[in-house]
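J.: Following is a predicted model, sequence given first.
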Amino acid sequence: MRILAAPNAFKGSLSALEAARAFKTGVLSALPGSKVEILPISDGGDGLMESLLWSEGGRRIPAWVSGPMGERRQAAFGLLPGGAAVVEMAKASGLALVPPKRRNPLLATSRGTGDLIAAALRRDARTIILGMGGSASSDGGAGMAQALGARLLDARGRELRAGARHLRSLAAIDMGGFLKMDEAAKVVAVSDVENPLLGSRGTARVFGPQKGATPGMVKILEEALSRYAEVIKKDLGISVARIPGSGAAGGLGAGLIAFLGAEIVPGAKWVLARCGADKALARADALMTGEGRLDETSFYGKAPVEIARMAAARGIPSAFVCGQVAARARRRLRPLGVRAAVSFPDAGATELDSLSRAKSWAAKAARIAARSLAPAFALCFLAVAARASQPPPLSRADWLYFHRNQKGSLDECLSDLDALLKANPKDADALWRKGRAMVRAGESLRSRKDKIAEFRTAVGVIRESVALDSADADAHFWLGVAMGRLGQSQGILHSLFLVKPLRREMRTVLAIDPSYSGAYRVFGEMYLQIPGFAGGSVSKGIADLEKSVRLAPDETSNYVALAQAYESDGQKAKAVDVLQQVLKVSNPADPAQAPDDMKQARDMLGKLGAAPSGGSAARR
């Protein structure tokens, strides 16, 4: 059995390479005849340098830099064979470098990151690959720019001191001495967030508190960065305030765009492509991945979930090994063909020794996870004839469903689910998925009679799933959706008759999983569509739709529904803002639905007289 061990770093305890080696130890103790390939991965933050040095070769170059609180310290960058340098902000300006009692985002500086860039340029680097993540600073990359020769001046021509708080006094930027070393280097900034520099989703409000900012500090940071953006626009001619990713790493994204013409790329996908994850998976029979903590945030641009999605698309089973695994995250792993998610406590660790003995617990958890992969391998690879007679994996049906816009995929999905149910008629997971696919099939039918028949059958199929597993939020959600589609097809009176049972299903969904965004979207649409005498309310509808967007920023349908609500309520500016946001979603939860949502968003923007907002343009 060939297993690919491809973990992310376990923050505070294990590097990605240390974790991968521990995984290999655990796998070989459980499955002695296996071959284990190691591939440390990263989503652009901690471990980026290690991942690229491992996959491409090269060497680690030490350099003295200014630390996040101005102290002198040694850091390092990676020099790759092709002339690219890998710089991690966390190595020079990272939050982990500052003792908790000394953390202050008003005073912390990104100057050390500039020092590393300068050191790389002195080594004739032609490309700087910069990992943005784990920053202590919130200075918008001002310190980085100063390290490279920019002068940030107050109204009296005096250079500003380090730290975001002093940016409130910024009056001018002098670029006369900037970047004398080499003007030709390209900068690629790798980030796992798309937050802008300013606003409600900006770096001060979203990330400031994580770095120790009080509400008062957040206000100062927003004012300082607003002034910074104004002067950048005045003196450099670039508007950085709203560019996606400009708020990454305490606003370093804005500084990289403004001063270095950087291109910001999505972290996990870019790194996995660069380090050859797809080719490594092609050589593997199974995947083992993981990180320090698996939770809801792991599903938004984090490398372990992204590589698990890649494995699922190939029909390769996978397992997760993590320091901690949140309960809700376990449910979300099922559609990815994940056989097990083993935490350190599952292997016997206590809270006290999870960190101090992380390598040992990673190996023990990997041993448990490897055993879960063995049966999958035996069924799928040890006997070709037996494999051919087995029903297709559930992960394949999910892949086909999420690619249903491709010709024949939905029919193939239904065929796979029928095969699964023939083998096990009481497979609750397969039943609600079949109902979900039937809902989509019904939506494409032209005849009202055919629609009603398809939706009614879907309701019956999903009811079976709910009866078998009443604690599955997905099953209750799709039962509600199927009931809603049936009511809409039958007419207004039937729709009103279904309001009460539909509400009941969505309330059940939220009782099981309070963060289930789809339920809030359904509630929002119900409040907007049904008459006031039946409980309709525009304000309640908009509030629930806003919550659906906050909870699932990768669900494109949520944005469109919210924009339509804003438009019907006369809130044109908000509608335009939401429509522009959906056009920036780079990794949609439902790839088949996203193109239609994007097209609808562009059409609505045209109708509202607003152009889609552009991405960041690289500039020298």
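T.: Here it is on my side, so go on. No experiment lies behind these values; they were computed from the predicted model shown. Numbering: from 1, shown residues only.

J.: where along the stretch 201-350 of the chain do the strands fall?
T.: 263-266, 286-289, 293-294, 318-322, 324-325, 338-343 (DSSP state E, counting those that start in this stretch).

J.: show me where the stretch 401-550 of the chain has strands.
T.: Under DSSP E, counting those that start in this stretch, the stretch 401-550 of the chain gives no strands.

J.: what's the closest of the strands of the stretch 201-350 of the chain to V187?
T.: Nearest to V187, of all those, is strand 263-266, at 7.2 Å by C-beta to C-beta. The way it works is simple: take the backbone N, C-alpha and C, and place the C-beta from them, glycine included.

J.: what distance separates the closest one from the centre of its chain?
T.: 14 Å (C-alpha atoms, centre = their mean, to the nearest Å).

J.: likewise stretch 468-478?
T.: Its chain's C-alpha centre and that of stretch 468-478 lie 25 Å apart, by C-alpha atoms, centre = their mean.

J.: again, but for stretch 167-177
T.: 35 Å.

J.: Could you give the separation between the terminal residues of that stretch?
T.: 20 Å (C-alpha to C-alpha, to the nearest Å).

J.: still on that earlier bit, which one of the strands of the stretch 201-350 of the chain lies closest to G237?
T.: Closest of those to G237 is strand 263-266, at 18.1 Å (criterion: C-beta to C-beta).

J.: Partner strands of that closest one and their direction?
T.: The pairing partners recorded for strand 263-266 under DSSP bridges are strand 186-191 (parallel).

J.: And for the strand it pairs with, what's in contact with it?
T.: Contact with strand 186-191 is made by 44, 48, 117, 126-133, 245, 248-249, 252-253, 256-257, 260-267, 270-271, as judged by C-beta atoms under 8 Å, 6 or more residues apart in numbering.

J.: So what's the gap between it and the chain middle?
T.: 18 Å.

J.: picking up where we left off before, pull out the buried residues from the contacts of strand 186-191.
T.: Buried members of these, counted by 16 or more other C-beta atoms under 10 Å: 44, 48, 117, 127-133, 245, 248-249, 252-253, 256-257, 260-267, 270-271.

J.: tally of neighbours for Q210?
T.: 11 (other C-beta atoms under 10 Å).

J.: Redo the strands of the stretch 201-350 of the chain as a markdown table? Include distance to K500 and mean pLDDT.
T.: Output for these, formatted as a markdown table (distance: least, C-beta to C-beta, whole Å; pLDDT from 0 to 100):
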| stretch | distance to K500 | mean pLDDT |
| --- | --- | --- |
| strand 263-266 | 43 | 90 |
| strand 286-289 | 44 | 95 |
| strand 293-294 | 37 | 88 |
| strand 318-322 | 40 | 94 |
| strand 324-325 | 37 | 90 |
| strand 338-343 | 37 | 90 |
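
J.: Assign the residue sitting furthest away from the middle of the chain to helix, strand or coil.
T.: Centroid-distance maximum for the chain: R156 at 44.1 Å, with C-alpha atoms, centre = their mean. Under DSSP: H, G, I helix; E, B strand; the rest coil, R156 falls in the coil class.

J.: Tell me the confidence at it?
T.: The per-residue pLDDT reported for R156 equals 95.

J.: now swap in R334 and tell me
T.: R334 is given a pLDDT of 79.

J.: measure stretch 486-501 end to end?
T.: 12 Å.

J.: what's the domain layout of this protein?
T.: Following automatic domain parsing, one finds the domains of the chain at 2-36+288-383, 48-269, 394-562.

J.: what would those domains look like in CSV with distance to A601?
T.: Putting these into CSV (distance: least, C-beta to C-beta, whole Å) gives the following:
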stretch, distance to A601
domain 2-36+288-383, 20
domain 48-269, 15
domain 394-562, 6
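
J.: Helices of the stretch 401-550 of the chain, residue ranges please.
T.: With helices called from DSSP state H, counting those that start in this stretch, the stretch 401-550 of the chain shows them at 409-423, 428-443, 448-468, 473-490, 492-497, 499-512, 517-529, 538-551.

J.: helices or strands up against the last one?
T.: So the one you mean is helix 538-551. On a contact count with 3 or more C-beta pairs under 8 Å, 6 or more residues apart in numbering; DSSP states H and E, helix 538-551 meets helix 517-529, helix 556-568.

J.: Out of those helices, which is closest to G112?
T.: helix 556-568 (37.8 Å).

J.: so the closest one versus helix 517-529, what angle?
T.: Counting by axes from the mean of the first three to the mean of the last three C-alpha atoms, to 10 degrees, helix 556-568 lies at 20 degrees to helix 517-529.

J.: if we can go back for a sec, so which of the buried ones among the contacts of strand 186-191 sit within helices?
T.: Among the buried ones among the contacts of strand 186-191, the residues falling in helices (DSSP state H) are 48, 117, 248-249, 252-253, 256-257, 260, 267, 270-271.

J.: Now render those residues as TSV, adding distance to A519.
T.: Putting those into TSV (distance: C-beta to C-beta, whole Å) gives the following:
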residue	distance to A519
L48	37
I117	46
A248	31
A249	34
L252	37
G253	33
L256	39
I257	38
L260	44
G267	29
W270	33
V271	33
